[in-house]
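[1] Task: produce atomic coordinates for the following.
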Amino acid sequence: MQEETTDDLPYISEAESQKDTNLPMQGRRIVDMMHFIQQLKKISSHGSLFNCNFNEMSLIGETRNGLISKYKFRCNMCQKDFLITSEDPVSEENIDVNLAAVTGITSAGIGYSQFQEITACMNVPIFSEKTYCKFQDVIYEKWETTAVEAMEAAAMRERDAATAEGRLTKDGVPMIDVYADGCWSSRSYGNNYKALSGAAAIVGRRFGEVLFIGIKNKYCLVCARAEKKQITIPEHACYKNYTESSSSMEAEIICQGFETSIAMYNIVYSRIIADGDSATYSKILARNPYPFFTVQKIECRNHLLRNMCNKLRAVT
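    Predicted structure coming up:
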């Protein structure tokens, strides 16, 4: 039988091995078991003249990158060092465990402090809050890309359905019906319209999928601190993009969605199904997003019944 070569084994150089400390490992780790076992099998019989096996191996160091670990083993017989990892760094099937952890944290609606408490109880060492923020930025970019792709696919479905039904303008642009509504970070109906952030979305009626979403922010922490200290605003990712009243956020976002529908999807939002707020529809008519067509409005039944019940309670 031909002896196994050692060229493809994960050796580490002497210079690199000196970077690791010999501190004993503590706590638990998250490990891709199949990948880890395969690596252990690979180094357990490394074709040495001394016929070494894993019994002669000693764990002499660990280098952590968040939840990912690199373990350094040394053979006590031939004095060769080997490096194995807790997961496959080049795997395309799964995302990085650090990114996966931050994705789960964000999806669950918790933050770094809660994550720190959970992993502390599990005795699993994690990354710093600064590193967490970096991972979070990466995730937000990926989510934004995915959201744009999903909205484009939804718009194509709505457009194809409208074309099949023959709902076209004089210029042959498909026309669809949409729902539209907004929300605020802090608002009480009827009073106190002082929210610093608001969002609104446009949803296709036929398939119920989001076609457009927008966010308006009236506050940026970095800008506010610099203004308070009367210093130059440092370079940063500023999310402040609105200075008008909070109550006008919804109408502004929805108008932007109507004004960009042809450029984005080659679609006309011919009818809007929304609540009884006349400001949004009035703003759409004033902005006139389609010079060749007038947008129509359909009152939302749920809002209509809710408003009627509120008025009846007020009478009683």
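[2] Only C-alpha atoms from now on, for both contacts and neighbour counts.
    Noted.
[3] buried residues in stretch 222-236?
    Counting neighbours by 16 or more other C-alpha atoms under 10 Å, one finds that the buried residues in stretch 222-236 are 222, 223.
[4] Do me a favour and get the end-to-end distance for that stretch?
    8 Å (C-alpha to C-alpha, to the nearest Å).
[5] what's the answer for stretch 32-51, then?
    End-to-end distance for stretch 32-51, by C-alpha to C-alpha: 28 Å.
[6] Ok, stretch 184-198 next?
    End-to-end for stretch 184-198, by C-alpha to C-alpha: 4 Å.
[7] The helix or strand containing residue 225: what's the following helix or strand?
    Element membership of residue 225, judged by DSSP states H and E, is helix 221-229. Downstream of helix 221-229, the next assigned helix or strand under DSSP H and E is helix 249-259.
[8] what's the average pLDDT for that following helix?
    For helix 249-259, mean pLDDT rounds to 93.
[9] tell me which residues of that helix are tucked away?
    Those would be 249, 250, 251, 252, 253, 254, 255, 256, 257, 258, 259, for helix 249-259 by 16+ other C-alpha under 10 Å.
[10] still on that earlier bit, show me what the helix holding residue 225 is in contact with.
    For helix 221-229, contacts defined as C-alpha atoms under 8 Å, 6 or more residues apart in numbering pick out 232, 233, 234, 236, 238.
[11] State the mean pLDDT of it.
    For helix 221-229, the per-residue pLDDT values average out at 91.
[12] what's the distance between that helix and the middle of its chain?
    Here helix 221-229 shows a centroid-to-chain-centroid distance of 27 Å under the convention C-alpha atoms, centre = their mean, to the nearest Å.
[13] Likewise for stretch 116-124?
    24 Å.
[14] Next secondary structure after the longest helix along the chain?
    Taking DSSP state H as the criterion, the chain has its longest helix at helix 129-165. As assigned by DSSP H and E, the chain's next helix or strand after helix 129-165 is strand 175-184.
[15] Could you give the average pLDDT over that next one?
    92.
[16] Mind listing the strands it pairs with, and their directions?
    Paired neighbours of strand 175-184 in the sheet (DSSP bridges): strand 197-204 (antiparallel), strand 268-274 (parallel).
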